[in-house]
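> sequence first, then the predicted structure:
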Amino acid sequence: MHKGIGMAFLAMFGLSAPTTASSAEEHVPLAKVPAAVKKAIKAKFPKAEIEEVVKEKENDTTVYEVEIEVGDKELTVSLKKDGTILEIEKEIDVDDLPAVVIAAVKKKYPKATIKQAEEVIDVEEDEMTYELVLQDGKKTRKVSVELKAEIEDDEEEEG
């Protein structure tokens with residue numbers, strides 16, 4: 001039996017610059033989107049409506065960024081041509097950010113206000129990141145906050 005199991009959440013900061021593709025983005029008509037990409041979207045989000053698809057090259061890999069609407073939520077799903085989901089992004093209300101993320105922002109940028117928040121799930125790495133837009137006086141900055149959970153066994157008893 002475990003007694004006194006503790007869980008600590010760590011919020012790790014990383015300043016991020018806007019990402020740019022190594023080649024131009026190309027809008028893709030739905031009829032020309034690979035079947036594997038459409039199938040993966042429908043499997044993961046059965047009620048999704050595809051709004052827009054953009055194809056770009058990232059590190060020699062073709063990536064399809066598919067903007068979908070599921071109910072009243074808009075998401076962007078990044079996939080490989082074979083339908084492998086790489087990343088899921090969704091805009092969230094600042095009020096819905098985990099307390100640990102807000103605390104980390106206030107500690108590092110005490111005078112900043114969070115203006116926008118996006119939850120980013122890296123499917124391959126199984127990691128969650130929050131991409132935030134902060135306003136600090138006249139300065140606007142983009143930051144990424146990784147949320148990591150560490151589980152520690154404080155004590156173990158033989159029963």
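Looks like it came in fine.

> what bridges to the residue minimising distance to the centre of the chain?
Nearest to the geometric centre of the chain sits Val120, at 0.4 Å (CA atoms, centre = their mean). Taking DSSP bridges as the rule, Val120 bridges to Glu89, Thr129.

> and it, how far from Ser78?
Going from Val120 to Ser78 by CB to CB, to the nearest Å gives 10 Å. Placement of C-beta: from N, CA and C, glycine included.

> what do the two both touch?
Residues touching both Val120 and Ser78 by CB atoms under 8 Å, 6 or more residues apart in numbering: 87-89.

> from those residues, which is closest to Glu51?
Glu89 (13.6 Å; CB to CB).

> per-residue pLDDT, that closest one?
Listed pLDDT for Glu89 reads 96.

> could you do the one 3 residues further on as well?
Confidence per residue is given as pLDDT, and for Ile92 that number is 94.

> how about Asp60?
86.

> what about it, neighbour count?
Residues near Asp60, counting by other CB atoms under 10 Å, number 6.

> ok, it to Leu79 distance?
Asp60 sits 16 Å away from Leu79, going by CB to CB.

> same question, Ala36
8 Å.

> tally of neighbours for Glu26?
Applying other CB under 10 Å, we find 12 residues neighbouring Glu26.

> any weak-confidence spans in the chain?
Low-confidence segments of the chain, defined by pLDDT under 70: 1-23, 148-159.

> repeat the analysis, applying 50 as the threshold.
In the predicted model, the chain carries pLDDT under 50 at residues 1-8, 15-22.

> which stretches of it form strands?
2-15, 26-27, 49-58, 61-70, 73-80, 85-92, 113-122, 127-136, 139-156 (DSSP state E).
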